[in-house]
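Engineer: Show me how the following folds:
(one chain, ligands or ions: 1)
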Amino acid sequence: MAEVFVVATGANKLTYEMLTLARGLGEVSAVVLGAPGTAASIADNLAEYGAAKIYAAEDEALDKYLVAPKADALAALVTAKSPAAVLVPSTQEGKEIAGRVAVALDNGVLTDVTGLEADGTATQEIFAGATVVKSKVAKGIPLVTVKPNSVTPEPAPATATIEAVEVSVADSSKLVTVEETVVEPKGDRPDLTEANIVVSGGRGVGSAEQFSVIEEFADLLGAAVGASRAATDSGFYPHKFQVGQTGTTVSPQLYVAAGISGAIQHRAGMQTSKTIVAVNKDEGAPIFEIADYGVVGDLFTVLPQAGEEIRKR
Ligand code: FAD
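Structural biologist: Predicted coordinates:
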């Protein structure tokens, strides 16, 4: 059975999604590119989702946000093992790694893939999900970046062995050095891409100060906070919380859209949510076309009232 590589960034949902997807293509091997000890710390999690082998490409140089050494290490491993395909997270870092490896090995690369068939045919959704493209890498070992929240992670417990891989960090890593890394405090709210519930606010929220009504409702539900692009562009909420075509794609159990009209670019990032609740004072707002439950009303009345009811339970 062909070996398929999954670049595992940790014990997280996207890694589990990729492991689930890769199982349809062959025998799954996870590739961990990190500091010494990283692979051992997440081995059980990777095995739970079907990784039979874990390549531990570990070096202090791979611990930092420096893409070149990770790409060098992955390219060397792909050359040595010739897997049938390599799945990489469709994150900023993952896409850069995939691009660099593709150039180094003269391979084809497909980005933002949402599905993969056994023969390597990949699905990509373009124009905000309005067009579905099926494509295949025609040259070399296919490199595929997988879009978050495209697949439902399903466990398939395996027994994993860890194989240490020699990492020769090439000269490219010496071109840039990291002087300082500032990690923003994570806060108590769940991560936007992994949250079971997301409460998002749009332009209708009106101001940064008034976004507290969204935050309060989210905290009541243990939810992550999201925002439309109009809200982030207006400075109501930081850009990193933008949901949509040019923001984050989410697929929670429950998505609450408050003061969001439902433009196609916003829908592209949330329309696969299991249950969608919309609060909008315009009954003709397009968000109601995809909402499972719609409330026509002022969000500043509806959310606090709903909050009161939830508190009573
Ligand atoms: P609006 O469209 O202005 O809607 C505000 C809504 O709030 C209205 O429906 C109004 O009835 C309602 N409202 C007002 N006051 C209240 C109140 N008190 N109570 C209840 N409802 C109220 N957008 C994204 O979100 N994400 C993206 O990733 C994204 N990418 C884009 C990429 C491109 C290339 C382009 C061209 C656009 C992109 N957009 C994106 C922008 C998108 O087209 C819309 O402009 C944006 O989603 C609108 O945001 P909104 O719904 O918050 O604002």
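
Engineer: which residues touch the residue of the stretch 1-150 of the chain found nearest the ligand?
Structural biologist: Closest contact between the stretch 1-150 of the chain and the ligand, by C-beta to the nearest ligand atom, is at residue 128 (7.5 Å). To be clear about C-beta, it is placed using only N, CA and C from the backbone, and glycine gets the same treatment. Counting by C-beta atoms under 8 Å, 6 or more residues apart in numbering, residue 128 touches 245, 264, 265, 267, 268.

Engineer: Please report the distance of the third one from residue 193.
Structural biologist: This means residue 265. Applying C-beta to C-beta, to the nearest Å, the value for residue 265 to residue 193 is 18 Å.

Engineer: who has more neighbours, the two?
Structural biologist: Applying other C-beta atoms under 10 Å to residue 265 and residue 193 shows that residue 193 carries more neighbours, namely 19 against 16.

Engineer: what's the burial count for the nearest residue to that one once chain neighbours are set aside?
Structural biologist: Spatial nearest neighbour of residue 193, chain neighbours left out: residue 148 (5.0 Å); criterion: C-beta to C-beta, 6 or more residues apart in numbering. Residue 148 sits with 23 neighbouring residues when counted by other C-beta under 10 Å.

Engineer: now do the same end-to-end measure for stretch 168-186.
Structural biologist: In stretch 168-186, first residue to last residue: 33 Å (C-alpha to C-alpha, to the nearest Å).

Engineer: and the stretch 201-313 of the chain, which of its residues are near the ligand?
Structural biologist: Residues of the stretch 201-313 of the chain lying near the ligand by C-beta under 6 Å from any ligand atom: 202-204, 228-231, 242-247, 259-261, 263, 265-266, 269, 279-282, 285, 298-300.

Engineer: Can you flag the buried ones in the residues you listed?
Structural biologist: By neighbour count, with 16 or more other C-beta atoms under 10 Å, these hold 202-204, 228-231, 242-245, 247, 259-261, 263, 265-266, 269, 279-280, 285, 299-300 as buried.

Engineer: So which of the residues of the stretch 201-313 of the chain next to the ligand belong to strands?
Structural biologist: Under the assignment DSSP state E, these contribute 279, 280 to strands.

Engineer: Chain neighbours aside, what residue packs nearest to the residue of the stretch 1-150 of the chain closest to the ligand?
Structural biologist: residue 268 is the one closest to residue 128 (C-beta to C-beta, 6+ apart), at 3.8 Å.

Engineer: Over to residue 138?
Structural biologist: When the adjacent residues along the chain are set aside, residue 138 lies closest to residue 108, with 5.9 Å between them (C-beta to C-beta, 6+ apart).

Engineer: I'd like to know how many residues surround the one you found.
Structural biologist: Neighbourhood size, residue 108 [other C-beta under 10 Å]: 16.

Engineer: Backbone dihedrals for it, please?
Structural biologist: Residue 108 adopts backbone torsions of phi -80, psi 150, taken as degrees, to the nearest 10.

Engineer: what do you get for residue 225?
Structural biologist: Dihedral pair for residue 225: phi -100, psi 130, per degrees, to the nearest 10.

Engineer: Which pLDDT value belongs to the nearest residue to it once chain neighbours are set aside?
Structural biologist: Among residues not flanking residue 225 along the chain, residue 218 sits closest, at 4.8 Å (C-beta to C-beta, 6+ apart). At residue 218, the pLDDT value in this model is 97.

Engineer: Please apply the same query to residue 60.
Structural biologist: pLDDT recorded at residue 60 is 84.

Engineer: cool, the one 10 residues further on as well?
Structural biologist: pLDDT, residue 70: 91.

Engineer: count of residues packed around it?
Structural biologist: Quick note: residue 70 (other C-beta under 10 Å) scores 28 neighbours.
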